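A.B. asks: Next comes the sequence, and after it the predicted model I'd like to discuss.
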Amino acid sequence: MPRRKAADRDEPARKRTRSGCRQCRQRRVKCDEARPDCSKCASRGIRCEYNYIQLKWQSEYHSSGRAFGREGVWSKSTGSTQHRGRCSLTVTVPRDGDRYHHPISKHHFVHTYYHDIGQLSALDGLYLVPRNSIPTTPKPTTSSIIVARPPTASLPASTIPRSVSPYRAADGFDPCLLEYYFRRICPLANPLRHCTSPFVELVMPLVGSGQHTLASLSAMAFSARHRSLTLDGWSSAALHLKGQALSALRSSLGMADDAMISRALQNSDIPIAMMFLCLYEIIESCDDRWVIHLRACQDFLHRRKQLAPLLDVETPQQRSQVSLAERFFAFQDAISRTACGNSSVFSLEYWQSTDRHADGPDQGWMGCSTRLARLLFRMTELGRMRGDMSTREFEADVEELECELVLLDDAGPIGRLLVDSAKLYLHCLLHDATPASPLVVGHVRRILQLLYDLVQETECISSGLAFPLFIAAAELDPLNDEPCFYDKAGNGLSGRRLVLEIVQTVSGSCLFNVERIGNVIRQIWANRDLHPVPGNTPADSTAMRGPTAQQNDWHICVSPYCTNLSLA
């Protein structure tokens with residue numbers, strides 16, 4: 001029987017109501033609106049929820065590419081209608097106020113390769129020109145540089161290009177990210193300004209040619225993530241590029257054929273890509289994910305050395321690129337384990353090799369000599385093996401380390417900072433010194449004063465500041481933190497306030513995770529304030545001395561909070 005028309009019905013028309021309980025509305029059934037529970041909910045044994053309001057945030061809808069409410073529906077102009085649906089993850093230049101333009105030169109055109117950049121930049125002598133100083137403002141393009149070069153973090157004109165155009169923009173590559181890497185990140189990764197940076201000379205052929213997609217994707221992902229520290233608009237692009245780099249790396253390593261495995265082990269851009277992904281994870285969260293890349297690269301290099309006789313002859317450039325990645329991960333392992341004291345990934349034989357004792361001009365990116373890195377490695381291992389050694393053997397090794405530290409003469413303020421920090425680390429770890437020890441107090445004040453002069457006055461921000469900052473901040477005496485430092489205006493500053501000001505200054509302008517280091521420092525301070533350990537006073541300092549002591553002030557108050565902390 002056909003359904004009767006609405007006009008022939010005797011009962012009133014059924015209308016949807018918005019006053020029912022939440023459960024009945026979800027089930028699309030009639031609610032009698034009885035209080036406190038309606039009959040349907042009472043029969044099911046559940047509780048009613050009336051006047052349920054779900055808040056919707058406009059930012060969440062826009063971040064996922066969806067329209068918020070009726071936004072854009074009632075627009076009469078088709079040109080202003082917003083495109084609904086999930087936005088595509090493409091690498092674009094954010095619209096910010098830091099956009100700079102530079103004039104067009106002959107190397108903006110075809111037939112220009114990366115090895116021609118040094119000659120062209122030496123002939124041109126171009127400099128970046130702000131937008132407000134250009135008579136006619138051109139339309140912004142992808143070749144516009146996104147950030148100005150800092151005056152204190154610059155490289156010689158013959159070292160890096162002055163234009164983004166030599167980097168090919170094909171295959172979804174963003175030349176602005178490569179330009180940001182060479183102009184902004186490479187100076188931060190080179191504490192010694194007088195030394196050449198291998199991150200420019202050795203990495204430029206990989207990321208500038210447009211052929212090595214794995215290294216290019218990793219470099220752009222790291223550049224976008226570092227850019228997102230100051231501009232949130234780069235976060236989605238960094239995540240998208242990271243996913244592409246990981247997928248390309250997985251496909252390169254997941255080969256079953258022996259010939260393809262040998263070809264992959266000979267590929268020099270795989271360890272370079274691992275290095276960039278490790279740096280990405282360090283500035284992202286600085287958790288165990290960057291250690292995964294460290295162990296993966298060490299395993300890759302170990303397999304590469306085992307199959308070295310079967311591999312084809314590699315070029316000197318490929319050998320230098322692999323050596324750079326190996327030195328980077330070995331230095332990360334040596335200097336970062338000083339805080340937590342975990343087992344090493346790279347063995348001591350790496351630093352004891354004869355070909356690694358010499359400090360070449362391309363090793364300035366570490367901020368210190370290879371001898372100091374080897375001494376830090378030995379200090380950490382000596383602290384770990386302390387319980388398994390005799391007193392005489394332990395004291396002999398400590399004395400040998402002290403003699404080698406005295407003979408070190410690292411050039412530059414960063415080198416002197418690292419040497420003083422290594423001496424402070426030796427006294428705290430191996431001599432059971434406490435923050436109240438006069439020797440520790442003197443070292444801490446000298447290190448913090450040098451840090452303040454570098455960061456606040458000369459604005460020298462580089463990757464070599466993490467280790468001195470952490471060591472000095474961790475050994476501040478909570479019972480004697482009176483103002484002993486002075487700023488330019490003559491105002492007194494305490495040690496903790498000085499550390500916090502330095503952390504705030506270098507935030508967003510360095511290659512280590514400032515937020516993670518700052519949180520660890522605050523946890524150490526809170527632990528010293530709430531749970532003072534024996535030895536914080538001179539009267540109790542003798543209770544923790546001696547070569548047989550297993551738990552000193554460093555093991556109790558510092559190491560438990562420093563797991564997976566990067567200090568390079």
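C.D. replies: Now that the structure is in, tell me what you want to look at.
A.B. asks: Not counting the helix or strand hosting R250 itself, show me its contacts.
C.D. replies: Counting by DSSP states H and E, the element that carries R250 is helix 235-253. Contacts of helix 235-253 with the rest of the structure, by C-beta atoms under 8 Å, 6 or more residues apart in numbering, involve 89-92, 174, 213-214, 217-218, 220-221, 224-225, 227-228, 264, 267, 270, 273-274, 276-277, 280, 300. (Glycine included, C-beta is placed from N, CA and C.)
A.B. asks: Now whatever helix or strand comes next after it: buried residues?
C.D. replies: Remark: after helix 235-253, the chain's next helix or strand is helix 258-266, criterion DSSP H and E. Neighbour-count burial for helix 258-266, with 16 or more other C-beta atoms under 10 Å as criterion, is recorded at 262, 264-266.
A.B. asks: Relative to I471, how far out is D477?
C.D. replies: Computed as C-beta to C-beta, to the nearest Å, the D477 to I471 distance reads 14 Å.
A.B. asks: Mind checking which of the contacts of helix 235-253 are in helices?
C.D. replies: The members of those that map onto helices under DSSP state H are 213-214, 217-218, 220-221, 224-225, 227, 264, 270, 273-274, 276-277, 280, 300.
A.B. asks: rewinding a little: quick one: buried ones out of the contacts of helix 235-253?
C.D. replies: 91, 174, 213-214, 217-218, 220-221, 224-225, 227-228, 264, 267, 270, 273-274, 276-277, 280, 300.
A.B. asks: can you map out the strands along this structure?
C.D. replies: Applying DSSP state E to the chain gives strands spanning 100-101, 129-130, 485-486, 492-493.
A.B. asks: And those strands, which one averages the lowest pLDDT?
C.D. replies: Lowest mean pLDDT within the strands of the chain: strand 129-130, at a mean of 36.
A.B. asks: my read: A433 touches L439, true?
C.D. replies: Yes - proximity of A433 to L439 meets the contact threshold set by C-beta atoms under 8 Å, at 6.3 Å.
A.B. asks: Name the nearest residue to E404, ignoring sequence neighbours.
C.D. replies: Distances taken as C-beta to C-beta, 6 or more residues apart in numbering put L375 closest to E404, at 5.9 Å, once the chain neighbours are dropped.
A.B. asks: Which segments of the chain make up each domain?
C.D. replies: Here the domain parsing of the chain from automatic domain parsing is 15-64, 96-186, 356-561.
A.B. asks: Lowest average confidence across those, which one?
C.D. replies: Among those, domain 96-186 scores lowest, at a mean of 49.
A.B. asks: Leaving out the residues flanking it, which one is nearest to R371?
C.D. replies: Leaving out its chain neighbours, the residue that sits closest to R371 by C-beta to C-beta, 6+ apart is L408, at 6.4 Å.
A.B. asks: any idea how far T380 is from the one you found?
C.D. replies: Going from L408 to T380 by C-beta to C-beta gives 17 Å.
A.B. asks: Pick out whichever of those two has more residues nearby.
C.D. replies: Shown here are L408 and T380; by other C-beta atoms under 10 Å, T380 has more neighbours (24 against 17).
A.B. asks: Now for that one: which residues touch it?
C.D. replies: Under the criterion of C-beta under 8 Å, 6+ apart, the contact partners of T380 comprise 334, 337-338, 341, 344, 429.
A.B. asks: what's the answer for L229, then?
C.D. replies: 283, 507-508 are the contacts of L229 under C-beta under 8 Å, 6+ apart.
A.B. asks: ok, back up a step: just confirm the residue nearest to R371 contacts L372, I think it does.
C.D. replies: Yes - here L408 reaches L372: they are 5.9 Å apart, a contact under C-beta under 8 Å.
A.B. asks: Give the intersection of the neighbour lists for the two.
C.D. replies: Common contacts of L408 and L372 (C-beta under 8 Å, 6+ apart): V419.
A.B. asks: how about the helices in the stretch 251-400 of the chain?
C.D. replies: 258-266, 269-284, 288-306, 316-340, 348-352, 370-384, 391-407 (DSSP state H, counting those that start in this stretch).
A.B. asks: out of those helices, nearest to I524?
C.D. replies: helix 316-340 (10.1 Å; C-beta to C-beta).
A.B. asks: quick check: angle from that closest one to helix 288-306?
C.D. replies: Angle, helix 316-340 to helix 288-306, by axes from the mean of the first three to the mean of the last three C-alpha atoms, to 10 degrees: 140 degrees.
A.B. asks: mind listing what's buried in helix 316-340?
C.D. replies: So for helix 316-340, counting by 16+ other C-beta under 10 Å, buried means 318, 321-340.
A.B. asks: go on, stretch 33-45?
C.D. replies: Neighbour counts over stretch 33-45 (16+ other C-beta under 10 Å) mark 37-38, 40-41 as buried.
A.B. asks: Now for these: which two are most distant?
C.D. replies: Farthest apart among these by C-beta to C-beta are D37 and K40. That separation is 9.0 Å.
A.B. asks: residues touching the residue lying closest to A273 once chain neighbours are set aside, list them.
C.D. replies: In space, A273 comes closest to S218 once its chain neighbours are excluded; the distance is 4.0 Å by C-beta to C-beta, 6+ apart. The neighbours of S218, taking C-beta under 8 Å, 6+ apart as the test, are 245, 249, 272-277, 280.
A.B. asks: returning to what we had before: need the helices of the stretch 251-400 of the chain in CSV with distance to S19, can you?
C.D. replies: Shown next, in CSV, are the helices of the stretch 251-400 of the chain (distance: least, C-beta to C-beta, whole Å):
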stretch, distance to S19
helix 258-266, 66
helix 269-284, 48
helix 288-306, 51
helix 316-340, 60
helix 348-352, 74
helix 370-384, 69
helix 391-407, 79
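A.B. asks: Looking at those, which is nearest to H555?
C.D. replies: Set against H555 and scored by C-beta to C-beta, the helices of the stretch 251-400 of the chain come closest in helix 370-384, at 8.3 Å.
A.B. asks: No further queries at this time; thank you.
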